[in-house]
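Enquirer: please find the sequence and the predicted model below.
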Amino acid sequence: MHLTIEEIHEIIDREAQGDGSLIAALEDIQGRFRYLPPEALILAGERLGVPLSQTYSVATFYNAFSLKPKGKHCLNVCMGTACHVRGSPHILDRLETKLGLKAGGTTRDRLFTLETVNCLGACALGPIVVTDGEYSGQMTPQKADTLLKRILRAEAEHG
Amino acid sequence: MVRVQTPTDLDAWRTELTATVAADPARPCITVCGGTGCRVYGSEKVWTAFRDELERQKVNATLHFDVKVTGCHGFCEKGPLVVLRPQGVFYAHVRPEDVPKIVSTMLIGGEVIERLLYADPQSGAKIAREHDVPFYKGQNRLILDQNGDLDPLRIDEYIARGGYDALTRALTTMTPEDVIAAVKTAGLRGRGGAGFPTAVKWELCRRQPGSVKYVICNADEGDPGAYMDRSIMEGNPHRVIEGMLIGAYAIGAHQGYVYIRAEYPLAVKTLRHAIQQAEQAGLLGKSILGTGFDFSLGIRLGAGAFVCGEETALMASIEGRVGEPRPRPPFPAESGLWGKPSNINNVKTWASVPIIINRGGDWYSRIGTATSKGTMIFSVVGKINNTGLVEVPMGISLRKLIFDIGGGIPNGKAFKAAQIGGPSGGCIPAEHLDAPIDYESLVALGAIVGSGGLVVADEDTCMVDFARYFMAFTQEESCGKCVPCRVGTRAMLATLERICAGRGQLGDVEYLLELGEHVKRSSLCGLGQTAPNPVLSTLRYFRDEYEAHIYDKTCPAKVCKGLITYSVVPDNCTGCMVCLRNCAVGAISGGKQQLHVIDPALCTRCGMCQSVCKFDAVMVN
């Protein structure tokens, strides 16, 4: 997804007319484009009267923000305590090995980003992996393979 | 939507609502759990199926059956949950295919579908009624009582059940001091973790000069494994709003904020909707109920920083800054949000307030123990049969919570420890299962009530790895402002990682103990002051496991990768090639119907071979 300067302006304008909250503006941009491009930080800071140093520190402090573009498909492994005791490290391991990257990374073809989340609060289903917003519960390393295969097959069919 | 301008308006609205069919408790109604857990199980398909089926069978041409999507019922393990009211027939794991049969039996009346009933794990006996299910039977649901019953998106359902009556009572018959006195009599203590007396905090904030004050609801539920605050906001948002209104009146605040995790999209949506409805109904805004009391409420989203659960960091975040804590005093009651007197309470604390005003401080104070009053909600998760939200009186024993309500440990495994209070809490071993759960006794045992996360560990959980897990969490979430926390947690984590990797040395235990005490004593905020707790409490009760890692180079629970090897049991291996094909690194050799062999040098200990083997032929040493 490409974002335009106009769209960034639009989001920041809306926020500036409201409470003028920098965090809320960045959340909106992140929500829409799944990362914060440098232009967004500069523009948001200027418009809301916050120095770039502070904008940058806010953008790097909170886990919800990312300065790097993400892959087309986001795999999110829950590392909450309940998932941990039920074996989430094995799931993460498997995905890391299969994708050839560490948590937080994106594959070179920009197809997958692998991330971890502290807790999704759906502990009865642990371990959980969220793929593009869809929850899969009671995961095993095998099921993780199936998940990847399903996405790859859909990609091969629809591109 | 009715707009109420006086207490009489509200009473009239309630009378009108209770007189109509919609709010008649005896009306046949199908409630489907719409909490996050059940949605993941597919409850949305279930309620759609119910609506379609009622339509198809043209049921409502003659009868008034309602399909209601409620908040979290709490028994997440058995989702999607369906309860047929008024009888209270409880169905677990309902799938859309079951729906036509359920509707047919409902029409006939009386008949229940055995297959969908809850079966007691010990005796196998089927239990038909919700209130007879041991998971619910042992609870005392004050805060969660309406969660399985009302539609959280409809303010009229809350009002029909007595909602906003406590607000009316407070505004029209009590002075702010009376409200504070009632909360004091009740003995309510902060449910966010520290357990500070709520009335004392309110009083301090009330006494501050100035006309601008704030009330804040801390809904930044960051403890992994805890999700009760979310369930309250998803299931009964108006009770939180009502509690905040009453608190604001007591303190003299006219503006409030709910600081809520962005990771909880459903809770944010539900709460936002509830605030809009309350505004339209005149229950938020100017001169509420014609009393001259003004209050408005806004939402602020947390951006994923655990430290923002700390009150000063939370306020910095609302102000749009980096969420770093600052030293106290001055306390938020004196100088909080934008330098104004502010009062922060947790979701559960706010939700308890209307109950106290309605039923009286004396009544509330009779629940619980001498120093810990009322009920507490625990999310019982991990190695437990009945994962879910449990509301119990303070002072209940861990044994009752885990074995009676929680249904014990799955697969016949032995209980090892209960980790209470999240990353700030500690582990309580089997020998203390009979200790009462209250603020003081948990602290004495090295844990805290905290926000109520309770993670059960069984014999397969390595306590050193468990401690390392929590340390990794707090180290990652440490904001880095103060040195003891930033450097101390890092040093503790490095030591724990070394021990788990099989490189533990003489003196590591003593080093962890000493460093842990320093980090606790000298850190700036609650995060650092409690970060060593999981390590210190496991060292207290499971020192032998640490010693096994350090001196014997073994992991008794067979978890730590640096200390285990996978191998094939020759007698069980059939040479089926399944593990071989699934090994991502090609560490398994052997042909069809030949014994497979795992090369420990190539093996990454991912556990895949063991999880795919159908013949129990892979073992861990």
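Expert: On my side now, so go ahead.

Enquirer: may I see the buried residues of the lowest-mean-pLDDT helix or strand in chain B?
Expert: In chain B, no helix or strand scores lower on mean pLDDT, DSSP states H and E than helix B:99-108, which sits at a mean of 87. Neighbour counts over helix B:99-108 (16 or more other CB atoms under 10 Å in any protein chain shown) mark B:99, B:102-103, B:106 as buried. Every residue, glycine included, has its C-beta placed from N, CA and C.

Enquirer: helices and strands around it, which ones?
Expert: Counting contacts by 3 or more CB pairs under 8 Å, 6 or more residues apart in numbering or on different chains; DSSP states H and E, helix B:99-108 is packed against helix B:43-56, strand B:82-85.

Enquirer: could you dump these to JSON lines with distance to B:Tyr158, mean pLDDT and mean neighbour count?
Expert: Putting the helices and strands packed on helix B:99-108 into JSON lines (distance: least, CB to CB, whole Å; pLDDT from 0 to 100; neighbours: other CB atoms under 10 Å in any protein chain shown) gives the following:
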{"stretch": "helix B:43-56", "distance to B:Tyr158": "20", "mean pLDDT": "94", "mean neighbour count": "18"}
{"stretch": "strand B:82-85", "distance to B:Tyr158": "17", "mean pLDDT": "92", "mean neighbour count": "21"}
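
Enquirer: and chain A, which of these is closest to it?
Expert: Judged by CB to the nearest CB, the one of the helices and strands packed on helix B:99-108 that comes nearest to chain A is helix B:43-56, at 12.0 Å.

Enquirer: quick one: is the closest one near chain A?
Expert: No - against chain A, helix B:43-56 shows no contacts by CB under 8 Å from any CB of the partner chain, the least distance being 12.0 Å.

Enquirer: so in that sheet, which strands flank the following helix or strand past that helix, and in what orientation?
Expert: Counting by DSSP states H and E, the next helix or strand C-terminal to helix B:43-56 is strand B:66-70. Within its sheet, strand B:66-70 is paired with strand B:29-33 (parallel), according to DSSP bridges.

Enquirer: now the strand it pairs with: average pLDDT?
Expert: When pLDDT is averaged over strand B:29-33, the result is 93.

Enquirer: which elements pack onto the helix or strand just after it?
Expert: With elements assigned by DSSP H and E, the helix or strand that comes after strand B:29-33 is helix B:36-41. The elements that helix B:36-41 packs onto, with contact taken as 3+ CB pairs under 8 Å, 6+ apart, are helix B:228-235.

Enquirer: I would like the residues contacting stretch B:129-138, please.
Expert: Applying CB atoms under 8 Å, 6 or more residues apart in numbering or on different chains, the external contacts of stretch B:129-138 come out as B:74-75, B:83, B:87-90, B:118, B:120, B:127, B:148, B:386, B:388, B:390, B:392, B:400, B:404-407.

Enquirer: just the buried residues of that stretch, please?
Expert: Going by neighbour count (16+ other CB under 10 Å), the buried part of stretch B:129-138 is B:129-130, B:133-136.

Enquirer: now, which of these sits nearest chain A?
Expert: Checking the buried residues of stretch B:129-138 one by one against chain A (CB to the nearest CB), the nearest turns out to be B:Phe135, at 12.0 Å.

Enquirer: looking at this, that closest one is in a helix?
Expert: Yes - when DSSP: H, G, I helix; E, B strand; the rest coil is applied, B:Phe135 is found to be in a helix.
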